[in-house]
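S.K.: how would this look folded up:
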Amino acid sequence: MPRYALKIEYSGAPFNGWQRQIDQPTVQGTIEDALRLLQKDHDGIQGAGRTDTGVHATGQVAHVDLAETWDPFRLNEALNYHLRQHPVSILAVVAVPDDFHARFGADERRYTFRLFCRRAPLTFAKGTMWQIKHNLDVRAMREAAHYLIGKHDFTTFRSSICQAASPVKTLNELRIETSAHSGGTEIRFHIRARSFLHNQVRSFVGTLERVGAGSWQPSDVLHALESRDRAACGPVCPPQGLYLADVRYPIDPFNRMHLPLEPVQHLATGIGATMLEQMPLPLLVITRKGRVAQANQSALDLFPNLRMRQHFSGVFESDIFVKAVNAAIDKGKTGKIKFQTDNWGERHFNAHIGLLPGGSEFGKNIRVIVAIEERTLVRKAEQMRSDFIANVSHELRTPLASISGYIETLQGHAKDDPEARERFLSVMAAQAGRMQNLVSDLMSLNRIELAEHKTPHEKCALNALVSEAVADVQPLQEKLGAVIKVDLLPDMPMVSGDRAQLNQVLINLFENAIKYNSAGGPIMIGTALPSKNYPGMVGISVRDCGEGIAPEHLPRLTERFYRVSVAKSRDKGGTGLGLAIVKHILNRHNGMLEITSEIGKGSVFTMWLPVAQ
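M.R.: The predicted structure follows:
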């Protein structure tokens, strides 16, 4: 019976894993059903990897024995025709020897795990990667990953239902790459070994995510590995980001070109190359013909589309960069340049260009080495600092000028006028209070930003927090004659948070509602209805009956010093920092602020927080 190897790609979302199961949709079962339409009697297919529910594949390999001889192209086309209703594609079909076995003949399996960091929900990529809402320290994750490479007892990282005879495996590679996108950062884990334990890759990624989030130190991964205790493992991440990317054999049955397991010969492998690889700055080695001969991991992280042997001019769309490197190649001119590019939005870089002597491990001819330093965040920070100083100066200049003017008046013709003196001192006290509020808010914002990366874990009861905040704003409520009505569910879930900061959020929202509410209208504080836009979160809404806010202002309300009406805000004692403080506190709590408003009817501010686990 002729044997055929199949190269298979599939989405694991609608399937209960690879392996056939009675009355359950599986990838293996779906392909076998398609084969039965071509040949009623066959013994089924054997896959190289048994992927779990929800796990995808871009390079699964299987073999099948058929009674009839098929042209591989016709068999490929026929299978894809019968699979057209399913997210399964046969990429290639080849005839193979009878002793080829997709599972037992494999030398190596390669998995890729895709993780995406951003707060906004995924749309087009939903179900294809694991989304988290916080940033990760990739360098710490890489440091931790090094402990896992090599031959180890991986008991800590195997499922309790794993059927493997031994937990000892050899991990050949665990490489982490990043790529920046307009909406966030994608992190890819490339993992290869001859074979894997059940849930091993997902246990690795879940544990490394904890390192990147700061909950674990890199050395904690080593301790977990050495403990050989499943309880020491980090959380197992969800399956939707995992892909069986490739399966390797001693002889590639599909005759396709791919990178070998060891470094290719034209890449340097000596001490210099090792040092280059470990450097934190992105480094490129460029030949006299302008080809990229070597790039370290930092460069690959910065330029996810970079390929060895490509011309260096394709790295950046910058005339300054291209001219400087060409000057080094043609004239031996070295030095430092500054340039910007619009490849991925406006980004700023410094490049240090030097020469490597001929006869080194990088080649017999002189080569150019380029160290690249991204300065985008520094430039943005400088601009933000400049804007911030300008805004603060402006906010302080007005009350200072007012106070100075009144002092001059009091020293002059009004010094003997008790009525004027009393009126002027009252205004001066209000202006001084405004400056005091501004300084207080600035200090508060600074403290919050310093701790924004540390997620709080104290359990807090929302009902109690709201009661405390309502009591705190009672003097302002009575002064302005506002009516507050609280209608919360009695058993709202607990949240994890910093109690004092959450109280500050509620006080800010309540005070804004009181200040901007129309006379006679009540301020409603209640439990927000569950929303599919905020899964796993609980919300508290603050509704006022004010004038409302025009739609064009809503996206900017949490910017520092942004006001819809500057004069009105100042009259009410506002500093322009209240909602900025709210935003930063909620960022620290992995929460969100939702704002809706309608002109003439009022506004609703909803604080969303993750429910405590």
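S.K.: Paired strands for the strand or helix carrying T58, with orientation please.
M.R.: Here T58 sits within strand 56-65, counting by DSSP states H and E. Sheet neighbours of strand 56-65, with direction, are listed as strand 3-10 (antiparallel), strand 45-47 (antiparallel), strand 242-248 (parallel) (DSSP bridges).
S.K.: In it, which residues are buried?
M.R.: If you call a residue buried by 16 or more other C-beta atoms under 10 Å, then strand 56-65 has these buried ones: H56, A57, T58, G59, Q60, V61, A62, H63, V64. Where C-beta positions appear, they are placed from N, C-alpha and C, glycine not excepted.
S.K.: ok, the first one - contacts?
M.R.: So that's H56. Y10, S11, G12, A13, T128, Q240, L242, Y243, L244 (C-beta atoms under 8 Å, 6 or more residues apart in numbering).
S.K.: Over to the fourth one?
M.R.: The neighbourhood of G59, defined by C-beta under 8 Å, 6+ apart, consists of K7, E9, R110, L244, A245, D246, V247.
S.K.: ok, and the most crowded of those residues?
M.R.: L244 (28 neighbours; other C-beta atoms under 10 Å).
S.K.: how far away is that one from E186?
M.R.: Separation of L244 from E186 (C-beta to C-beta, to the nearest Å) stands at 19 Å.
S.K.: Model confidence for the closest residue in space to H223 that isn't next to it in sequence, exactly?
M.R.: Excluding the flanking residues, the one nearest H223 by C-beta to C-beta, 6 or more residues apart in numbering is A232, at 7.4 Å. Note for A232: predicted pLDDT of 94.
S.K.: Same question for D491.
M.R.: At D491, pLDDT is 85.
S.K.: burial count for it?
M.R.: Residues near D491, counting by other C-beta under 10 Å: 6.
S.K.: residues making contact with the lengthiest strand in the chain?
M.R.: Criterion DSSP state E: the longest strand present in the chain is strand 168-181. Strand 168-181 is contacted by residues 108, 138, 141-142, 145-146, 148-154, 185-197, 200, 204, 208, 261, 297, 300-301, 304, 344 when judged by C-beta under 8 Å, 6+ apart.
S.K.: circling back: from the contacts of G59, pick the one nearest N76.
M.R.: Of all the contacts of G59, K7 has the smallest distance to N76: 9.2 Å, by C-beta to C-beta.
S.K.: Can you name the residues bridging to the closest one?
M.R.: With DSSP bridges as the rule, K7 is bridged to V61, A92.
S.K.: Now do stretch 227-246: distance from first to last residue.
M.R.: One end of stretch 227-246 sits 31 Å from the other (C-alpha to C-alpha, to the nearest Å).
S.K.: What residues of that stretch count as buried?
M.R.: Within stretch 227-246, the residues that qualify as buried are 230, 232-234, 236-237, 239-246, counting by 16+ other C-beta under 10 Å.
S.K.: Pull the contacting residues for the residue nearest the centre of the chain.
M.R.: Centroid check for the chain by C-alpha atoms, centre = their mean gives C117 as the closest residue, at 1.2 Å. Contact analysis of C117 by C-beta under 8 Å, 6+ apart lists Q131, I132, K133, H134, N135, L136, G184, T185, E186, I187.
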